[in-house]
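A.B. asks: quick one, structure for this:
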Amino acid sequence: MIDRTRELLRDVRDRLAQALERVRAQGRPSWVSAGGLRDRLSEDRTSQILLRVVVPLLIGVGLLLPPFNLADRIFAFGYTDIPASGGTLADPDGTQLNFLPLGLISGIKAQFSSIPRPDFLAGQESEFAEAARSIPAQLEVKSPLYVMRVRGTPPQAMELSIPIPNDAEPYTTLDLYGWDGQNWQWLPHVLQVEADRLTSQLSFLPRAVAVMQTRPGPTAVGAELPDQGALPAEAADLLSELNAPGLFLVSDGVAGVRTVEGAARSLAGHYLSLPTLSNRDGGVVREDLTFNILVNPDLRSGHIQEIVAMAEQRSYPGVAIYYRDLDPSLRPAFTAFIQELGAALHSAGKILALRVELPVRGPDGGWDTGAYDWPLLGRAVDIFQLPAWPDPTSYAPRGAVEELLQFAVGQVDRYKIRLILSTYAQERVGDDWIPLSYEQALARWAETAQLAPPARVTRGQTLLLQLEPAEGATPLQYLEGARIYWFSYLAEDGEHTIYLENAESLAHKLSWVRTFNLGGVILEGLLVEGQDDDIWAILSSFDAEAMIQGAPETMVQPNRYAILWEVQNASDEAVVEQSVAPIENPSFSWAPSQTGEYRILYAISDDGGQTPLVNAGEIPLQVVAPRPVQPVTPAPAPAPAPAPRAVAGFFGYGIQIHPFQGGWVQSLPAVQGLGLGWVKFQVRWDWIEPSPGGRNWNAYGLEDAINAFSGAGIKILLSVVAAPEWSRSIKEEAGPPDDFNLYASFDGDLTAHFRDRIDAIEVMNETNLRREWHTGRPLSASEYVDLLCRAYAAIKGVDSSIIVVSGAPTPTGTNDGIIAIDDRRYLREMYATGRLRGCSDAIGVHPSGYANPPDVGWPAGDLPTQGYDDHPSFFFLNTIQDYYNIMRANGDGNKRLWATEWGWASIENITTTSFPGYEFSASNTEAEQADFIVKAFQIAKNSGYMGVMFLWNLNFAPVCGPGCEQGHYGIVRPDWSLRPAYYAIANMPK
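C.D. replies: Numbers count the residues shown, from 1 in each chain. Presented below is the predicted three-dimensional model:
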């Protein structure tokens, strides 16, 4: 058409040129005037058509053609030229659309604009009124509607960067959607919270995009069909999906069939029951068959046809694919296979599910998905099955699972994702994870507990029984962050750690489905015998409505583990005595009133002792009559033995100083001026022995300081911390050596080197914090006590007069078992080992007062206008009283508490801004600091159970300056001028 029009225009041009030539040659005829021309044309009908129709049409067509291009000029108004080298368009709100060079064949014209959210939702833009009406019910628009238009060859590579909208929390539920003119489509994206942006790499240009807040949709709950194909009654109304294993690859690329036949089809009417096609046959992954099928187009096509035919012939609703251990080089071929299979199944009215493998975290923090291209695969399938780690600690807040899911919902439509969670207990041996049923795991704990009863007792004698961990085993402990119980034991192949998966821990896992509004969950091991029966109660509430109202983890009470003790008459099994003991103190006492043969049975309960769950063991017992009392002639009284030395049974005044690099020079006269008899130095092992055997006892002037203070008659406590890196496989933060004997040996050598110059050693410091006890395992009081006992033996073997103080825990404010354990709980767990009493001369404590006076306790001191007062840990008085009560409850009340770190911080006359996390230091004046310290000394002295009180601290302000929080506790200022607390301590009665 355009070529024909051009020819016509050229013909008209030539005719006009010829007519003008005749006019010039003949002179001007009469009709050339305006009136004459009009009269002449009016006489000729053909001329009228030419004048009124053809000429205007030709002129219009000419304007549409180069070089005028009038249509392009009109319709390209407001467009920006984007050259082939790329370019960026921006919206006033900071949103940017970047056209990448690799996606441009030639230059284009592009327009990028936005419609305010209220205007868009009100339908004020007619072009996008249908888009506003078509927003799915589970989505809520949070951003403006960003409109994109392009003239020219459509680009194929763009980057869109949008500021995170206001009022868009929680960010875990944000998505990006594009409008194609008919439907909203989910778009892959990356949420960058630190940069406050949401970015997307686009391979096509939607007509418009918007940031959406997702809502919980119908939540699918799936499980793997057991081999026998039967389901428990509880599953009938709780499960919505079933995966039926049994399909596998064979050599010609078609699917072989095993046990999936009857079960999957018979259940298909009630559940979405999908047979799973795997590339593993008999426990062996057939990588060879998988490779051949994927890379050979003919085999791949035949494989797809066979799968579709099987689904149709057997009336399956679809198929699930699980091809594992794929080489990353197969990524394009596997993607093509899934895309082609998905298209074929969809054409047949079937669905496709796909299980991928866990991605690997790269050194740059990114995720490597290997052979699985998540965005492309997610677009091709209906269900995206995503596994998670067996390690329960990965489910803690800010843990690996949270990071994985934040990545996953940016790669795949979250409503397609089924998170695969294990309901098995897990046994970790090295890097291997072994699934166990819940009851198997509890039985394993019973095997690691030992009981050493007497074979017989006398009638009327009180029998005391105590279940204790075997050598190298730990008590049952609770990991707060993962909401799970765990214990460990030693075997020939090393340490075994077992995590008990129960209703509470599973509810915590399920909470991540709600946090990210995932499409559902698949529970591995759910239908296996021996699992926690309370799991069904959790699943009965696990639906969209419950998820909107609250997390599943709020729907259960923590398991109350207990030991059920029962005494039976051996002859007729009549029950004579019953007792329930909490798992933290699984003891039993009984005073038999009748002689005879008895059996003592003990079982584990997880409902507070109401019912036994696992029989843990039984022991025989004989009760005999007491022997008659025979008169005895008293022997001569022996000479009185010397009274045993009360190693740490005294009160004392002390202070911690920083003696290093000459800091002791000014500190010594300052301590003498205070009239204190003790000082504490914190000694870092890694300073003294940076390489194996390369010890320097005078590192940073340590030995000079010890000689000076010891020579002045001041007693010294050394707190030994921080194993050197060469002794640790975990390099992050501080912690013990891998071999606890190395620490014990170092303490023994330190005692020998400084013999007669030091008086006490504190074994480590604040080991209930990961930053002080980072082993790569959960925090463990049992492990610490093991190290303490080894160090105690080494120190006493060199010098029995040295006072050994257990490392003081610290108030934490959190109790996740990974970052920190509550200090009171940690102390109880230390005593629960049964070893703390024999491995310490004094118990360390850190009773700081924050902004609370030392003579005020909680809850009386909880004021509505003041912070750092809503928990007993913030109060000096509560802390020392709670610790001593724990000591007394464990038969250790004859010992003293040594406060190896305590005090009150004040920023007055040091700085104007408190250190983050230490805001209470701005509430305390220097005068209050002085008053609180003196009162605390007096309270401790009058308590009768406090030992040496090491105030924190003397001189950290001159060492680290006004900006560090340690200096705010000090009693001298950065310029060594004395604070009121110094004078108050010096002048108080001692």
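
A.B. asks: gap between residue 338 and residue 575?
C.D. replies: Using CB to CB, to the nearest Å, we find residue 338 at a distance of 62 Å from residue 575. Yep, even glycine has a C-beta here, placed from its N, CA and C like the rest.

A.B. asks: likewise residue 136?
C.D. replies: From residue 136 over to residue 575 the distance is 62 Å, taken as CB to CB.

A.B. asks: list the beta-bridge partners for residue 425.
C.D. replies: residue 436 (DSSP bridges).

A.B. asks: check the gap between it and residue 443 for me.
C.D. replies: Between residue 425 and residue 443 the computed distance is 10 Å (CB to CB).

A.B. asks: and residue 136 and residue 575? which has more neighbours close in?
C.D. replies: Legend: neighbour count by other CB atoms under 10 Å for residue 136 and residue 575, higher for residue 136 (14 against 10).

A.B. asks: from what I see, that one and residue 184 are in contact.
C.D. replies: Yes: counting by CB atoms under 8 Å, residue 136 does reach residue 184; the two are 6.4 Å apart.

A.B. asks: sorry, back to before: neighbour-wise, which of residue 425 and residue 443 wins?
C.D. replies: residue 425 (29 against 17).

A.B. asks: who's in contact with that one?
C.D. replies: 435, 436, 437, 438, 440, 441, 498, 499, 500, 501 (CB atoms under 8 Å, 6 or more residues apart in numbering).

A.B. asks: most neighbours among the residues you listed, which one is it?
C.D. replies: Among these, residue 501 has the most neighbours (other CB under 10 Å), with 28 neighbours.

A.B. asks: what strand or helix carries the nearest residue to residue 373 once chain neighbours are set aside?
C.D. replies: Closest residue in space to residue 373, ignoring its immediate chain neighbours: residue 335 at 4.8 Å, by CB to CB, 6 or more residues apart in numbering. Assigned by DSSP states H and E, residue 335 belongs to helix 331-347.

A.B. asks: from the chain's centroid, how far away is that helix?
C.D. replies: 34 Å (CA atoms, centre = their mean, to the nearest Å).

A.B. asks: what does stretch 179-187 contact?
C.D. replies: 128, 131, 134-136, 139, 145, 175-178, 200, 202, 206-210, 413.

A.B. asks: can you flag the buried ones in these?
C.D. replies: The neighbour-count test (16 or more other CB atoms under 10 Å) marks 128, 131, 135, 139, 145, 175-178, 200, 202, 206-210, 413 as buried among the contacts of stretch 179-187.

A.B. asks: mark which of these are part of helices, please.
C.D. replies: Those of the buried ones among the contacts of stretch 179-187 mapping onto helices are residue 131, per DSSP state H.

A.B. asks: can you pull the contacts of residue 561?
C.D. replies: Counting by CB under 8 Å, 6+ apart, residue 561 touches 476, 485, 582, 583, 604, 605, 606.

A.B. asks: pick the one among those closest to residue 912.
C.D. replies: Distance to residue 912, by CB to CB, is smallest for residue 485 among the contacts of residue 561, at 47.5 Å.

A.B. asks: how many neighbours does the closest one have?
C.D. replies: 26.

A.B. asks: surely residue 510 is within a strand?
C.D. replies: No: secondary structure of residue 510 (DSSP: H, G, I helix; E, B strand; the rest coil): helix, not part of a strand.

A.B. asks: and it, how many neighbours?
C.D. replies: Look at residue 510: counted by other CB under 10 Å, it has 26 neighbours.

A.B. asks: what's the answer for residue 355, then?
C.D. replies: Residue 355 sits with 22 neighbouring residues when counted by other CB under 10 Å.

A.B. asks: surely it and residue 420 touch.
C.D. replies: Yes: Residue 355 is within contact range of residue 420, at 7.5 Å (criterion: CB under 8 Å).

A.B. asks: SS state for residue 854?
C.D. replies: Following three-state DSSP, we place residue 854 in the coil state.

A.B. asks: state the distance from it to residue 931.
C.D. replies: Distance of residue 854 to residue 931, computed by CB to CB: 9 Å.

A.B. asks: distance between the ends of stretch 691-702?
C.D. replies: 18 Å (CA to CA, to the nearest Å).

A.B. asks: which residue is nearest the centroid of this structure?
C.D. replies: When CA atoms, centre = their mean is applied to the chain, the residue found nearest the centroid is residue 399 (1.7 Å).

A.B. asks: for that residue, which residues are in contact?
C.D. replies: 393, 481 are the contacts of residue 399 under CB under 8 Å, 6+ apart.

A.B. asks: name the residues of stretch 320-336 that are buried.
C.D. replies: Neighbour-count burial for stretch 320-336 flags 320, 321, 322, 323, 326, 330, 331, 333, 334, 335 (criterion: 16+ other CB under 10 Å).

A.B. asks: which among the residues you listed gets closest to residue 840?
C.D. replies: Proximity of the buried residues of stretch 320-336 to residue 840 (CB to CB) peaks at residue 322, which lies at 54.3 Å.

A.B. asks: quick check: the closest residue to the closest one other than its chain neighbours vs residue 243, distance?
C.D. replies: Spatial nearest neighbour of residue 322, excluding adjacent residues (CB to CB, 6+ apart): residue 355 at 4.2 Å. Going from residue 355 to residue 243 by CB to CB gives 9 Å.

A.B. asks: and the strands in the stretch 551-700 of the chain, which stretches?
C.D. replies: Secondary structure of the stretch 551-700 of the chain (DSSP state E, counting those that start in this stretch): strands at 562-569, 575-582, 587-590, 596-605, 614-624, 652-656, 678-684.

A.B. asks: mind putting those strands into TSV with distance to residue 279 and mean pLDDT?
C.D. replies: Shown next, in TSV, are the strands of the stretch 551-700 of the chain (distance: least, CB to CB, whole Å; pLDDT from 0 to 100):
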stretch	distance to residue 279	mean pLDDT
strand 562-569	47	93
strand 575-582	49	91
strand 587-590	54	84
strand 596-605	41	93
strand 614-624	38	90
strand 652-656	63	98
strand 678-684	54	97
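
A.B. asks: need those strands in CSV (columns: distance to residue 982).
C.D. replies: Converted to CSV, these look like this (distance: least, CB to CB, whole Å):
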stretch, distance to residue 982
strand 562-569, 53
strand 575-582, 48
strand 587-590, 49
strand 596-605, 57
strand 614-624, 59
strand 652-656, 10
strand 678-684, 15
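
A.B. asks: right, so of those strands, which gets closest to residue 911?
C.D. replies: Checked against CB to CB, the stretch from the strands of the stretch 551-700 of the chain lying closest is strand 652-656, at 21.0 Å.

A.B. asks: contacts for that closest one, please.
C.D. replies: With CB under 8 Å, 6+ apart as the test, strand 652-656 has contacts from 671, 674-682, 715, 717, 900-901, 937, 947-954, 971, 990.

A.B. asks: show me how to select, in ChimeraX, the buried members of these.
C.D. replies: Selection command for ChimeraX covering only the buried members of those, criterion 16+ other CB under 10 Å:
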select :671,674,676,678,679,680,681,682,715,717,900,901,937,947,948,949,950,951,952,953,954,971
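
A.B. asks: the contacts of strand 652-656 in helices, which ones?
C.D. replies: Reading helices off the contacts of strand 652-656 with DSSP H, I get 671, 674, 937.
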